[in-house]
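# Sequence first, predicted coordinates after that:
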Number of protein chains: 2
Amino acid sequence: MANIPDRRARRRAETQAEILAIALDVMAEEGVAGLSLATVARRLGIQPPSLYKYFPSRHAVYDALFRRGQEGYLEAVRRGAEPHEPGLAAMGPSLEAGARWIMENQVLAQLMFWRPVPGFAPSPEAYAPALAVHEHFAVLIRAAVERGELRPDAAGEDGLALAASLIAGLVSQQLSNEPGASYEEGRFTRLVPRLPAVFAAVYPPP
Amino acid sequence: MANIPDRRARRRAETQAEILAIALDVMAEEGVAGLSLATVARRLGIQPPSLYKYFPSRHAVYDALFRRGQEGYLEAVRRGAEPHEPGLAAMGPSLEAGARWIMENQVLAQLMFWRPVPGFAPSPEAYAPALAVHEHFAVLIRAAVERGELRPDAAGEDGLALAASLIAGLVSQQLSNEPGASYEEGRFTRLVPRLPAVFAAVYPPP
DNA sequence: TAGCTTTGGCTACTACCTATAGCTTAAGCT
DNA sequence: AGCTTAAGCTATAGGTAGTAGCCAAAGCTA
């Protein structure tokens, strides 16, 4: 007795994880929107229709990957900020950690930040971590304002939108113009550490 | 006599233009990567294989659209700058005109700036106008430096990369988070007019 | 241990897609 | 007026997503 209660559920989860890993490979080779379930099935060694026992549709595979990506990204930006005092000091490392994660998970990033798959929209559950990322940076910026490192309106709607755009701009330029580069070499990601100073130049403390 | 010399060539070009217009519609409905030549053919009233008399492949359609888009965008940023003195004064209106064009041609913008179609890479001819856009803004920034409106290193590699990222960030955030908004209402595009000031805050004149 | 249930595989099939081959009609050039 | 060629067609190959329905084996339960 004392069999692991859900032996079947575990194997099922393992297979699902395996499918997602293969799907990532295929997307890296063929493009995000080029994912073919038939290819995934072949690599897994089963017939294409059998995949539908694990995911009800191609979009469901995308949704699972989207969620996984958002969770990984959230974790990355949180860990980047963790060892530092809240405020500008934490913002830099957090942005860097996020950018680094993106360069190491480009396929997921494309799925998450561009919407390259016709007809695919993430489910609310899959999207939830993205809201947490937004809140994470909002908290950091509010902390910076409270410490007098930024002008108060940096934490306003425009300020937050600008902050989000700054990092999105660098990353999106890097991904589309120089996708092969590492975080350190990238012509654009190289500028990420300067973003807190850029932001502070736009919203200098009074 | 005095027949228009290439009547056939003209009708052919018209049909090609019609195909591209329908393709844009389909992409707007189904997503950029969701373009189906069969659907285009049906709307044009011909059988799918007949489309191949006008374009040798699906990628060729994308390439023609890509080129058309780059040319339109180049034209937009040039016209935006035209009435103004070169330098920061021209940069703002030029960026605005570009952002406006993008919001009015979102499908083309996605094709041009994200790379959502698996396996599609633009031909050098189609890509050429993109280089001209880059050069256009480099010229404006160099002019601003010469007029003493910006610190000299604004025209360096990092400065140009940052400038490109600033606009790319706003536009890319707008497209993925609030694609339905017009240029004026957009939470992100609304900030475009502030970009020259942002850039000047990062590279203040000595 | 015996039997029942559920899971995970299969084949067969539908309905779509891109693209090629080869035929035919009709437009337009000379 | 006749010839050339463009632009349509059908048929076909080979790929995709997804559904229906069957069957064996794994695992739970009495």
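That came through fine. Residues are numbered from 1 along each chain as shown, chains lettered A, B, ... in the order given.
# From the structure, what's the count of residues near the nearest residue in space to A:Gly119 that is not next to it in sequence?
Leaving aside its chain neighbours, A:Gly119 sits nearest to B:Gly31 (6.3 Å; criterion: CB to CB, 6 or more residues apart in numbering or on different chains). For glycine as for every other residue, the C-beta is placed from the backbone atoms N, C-alpha and C. Using other CB atoms under 10 Å in any protein chain shown as the criterion, B:Gly31 is surrounded by 20 other residues.
# and B:Gly31, backbone torsions?
phi 100, psi 150 (degrees, to the nearest 10).
# didn't it look like it was pressed against A:Pro118?
Yes. If you go by CB atoms under 8 Å, B:Gly31 and A:Pro118 touch, sitting 2.7 Å apart.
# Can you pull out the low-pLDDT segments for chain A?
A:1-5 (pLDDT under 70).
# At the contact with DNA strand C, which residues of it appear?
Contact residues (CB under 7 Å from any atom of the strand) of chain A with DNA strand C: A:Arg8, A:Arg11, A:Arg12, A:Thr15, A:Gly45, A:Ile46, A:Gln47, A:Pro49, A:Ser50, A:Lys53, A:Tyr54.
# List only those of those residues flagged as buried.
Neighbour-count burial (16 or more other CB atoms under 10 Å in any protein chain shown) applied to these gives A:Tyr54.
# Next step: the residues of chain A next to DNA strand C restricted to helices.
Under the assignment DSSP state H, the residues of chain A next to DNA strand C contribute A:Arg8, A:Arg11, A:Arg12, A:Thr15 to helices.
# Look up how far A:Ala17 lies from the second one.
In other words, A:Arg11. Look at A:Arg11 and A:Ala17: by CB to CB, to the nearest Å, they are 11 Å apart.
# And for the first one?
When distance is defined by CB to CB, A:Arg8 is 15 Å away from A:Ala17.
# tell me the contacts of the most centrally placed residue in chain A?
Residue closest to the average C-alpha location in chain A (CA atoms, centre = their mean): A:Tyr73, at 3.9 Å. Neighbouring residues of A:Tyr73 by CB atoms under 8 Å, 6 or more residues apart in numbering or on different chains: A:Gly98, A:Trp101, A:Ile102, A:Asn105, A:Leu108, A:Ala109, A:Met112, A:Pro129, A:Val133.
# DNA strand D contacts on chain A?
Residues of chain A lying near DNA strand D (CB under 7 Å from any atom of the strand): A:3, A:5-8, A:11, A:35-39, A:48-49, A:52, A:56-59.
# Derive a PyMOL selection command for the buried subset of those.
Remark: buried members of the residues of chain A next to DNA strand D, expressed as a PyMOL selection using 16+ other CB under 10 Å:
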select buried, chain A and resi 35+37+39+58+59
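# A:Gly186 contacts A:Pro179, correct?
No. Counting by CB under 8 Å, A:Gly186 does not reach A:Pro179; the two are 9.3 Å apart.
# higher neighbour count, the two?
Taking other CB under 10 Å, A:Gly186 and A:Pro179 do not tie; A:Gly186 has more neighbours (23 against 12).
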